[in-house]
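> Give me the fold of what follows.
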Amino acid sequence: MNGRYRLEPNFTRTVPPGDNVERQVCAECGFVDYQNPKIVAGSVVTWRDRILLCRRAIEPRRGYWTLPAGYLELNETPEEGAWREANEEACTDIEIDRILAIYSIPRISQVQIIYRARLKRHHFAAGPESEAVALFDWADIPWGDLAFPSVGWALRHHRDVIGREDFAPSSNPQAGL
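Numbering: from 1, shown residues only. Sure, this is the predicted structure:
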């Protein structure tokens, strides 16, 4: 205690009034500490017919290939987040076209918003979270070394809509998570 004020909340697990889910609630003031899914924003970035992938320099899945993507920051739109992640992970500037897919991954409490995008110019480099960044022809994508299932989903969904402007965003494949 510091004077009359407690420095750390006194949380207990309970169902708050008007709710139906047990949550962390401060026993003193009633503050509810909601735990919500994380939003990931990223993009399938192309240069001509090639796809930009980043080899992860961080865990999880260090050394595996992924799309430029990551968690949204507070007060950031998904488009801003996708642009920022491409800039941070691949040191590049992209032009976002449209939403390619929205994936729900409840086992890790994520919703992923993936855009279709293009490099503004043929310039990229590994950022602090990437060991390497490269453009791949479809036949050369390192399928066995992709970091996450959703990377493969997005790449396949991207291939399905090449040249199309009239598609609805894809979602999780029927095979499940």
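> all contacts plus neighbour counts: C-alpha atoms, from now on.
Noted.
> Residue 53 is in contact with residue 63, correct?
No - between residue 63 and residue 53 there is no contact under CA atoms under 8 Å: 11.9 Å.
> Counting neighbours, go ahead and name the busier of these two.
The residue with more neighbours, out of residue 63 and residue 53, is residue 53; 27 against 18, by other CA atoms under 10 Å.
> mind listing what that one touches?
Residue 53 makes contact with 65-68, 133-136, according to CA atoms under 8 Å, 6 or more residues apart in numbering.
> and the nearest residue to residue 172 once chain neighbours are set aside, what element?
Spatial nearest neighbour of residue 172, chain neighbours left out: residue 103 (5.3 Å); criterion: CA to CA, 6 or more residues apart in numbering. Assigned by DSSP states H and E, residue 103 belongs to strand 94-105.
> Do you have the helices of the chain handy? List them.
78-90, 149-160 (DSSP state H).
> circling back to that earlier point, verify the contact between the residue nearest to residue 172 and residue 171 for me.
Yes - under the criterion of CA under 8 Å, residue 103 makes contact with residue 171 at 5.2 Å.
> Looking at these two, which is more packed in?
For the pair residue 103 and residue 171, the greater number of neighbours falls to residue 103 (20 against 16), based on other CA under 10 Å.
> Point to the residue nearest the middle of the chain.
Computing the C-alpha centroid of the chain and ranking residues by CA atoms, centre = their mean puts residue 40 first, at 2.6 Å.
> Can you give me the pLDDT of that one?
The score at residue 40 is 98. That number is its pLDDT.
> same deal with residue 4?
Predicted confidence (pLDDT) for residue 4: 60.
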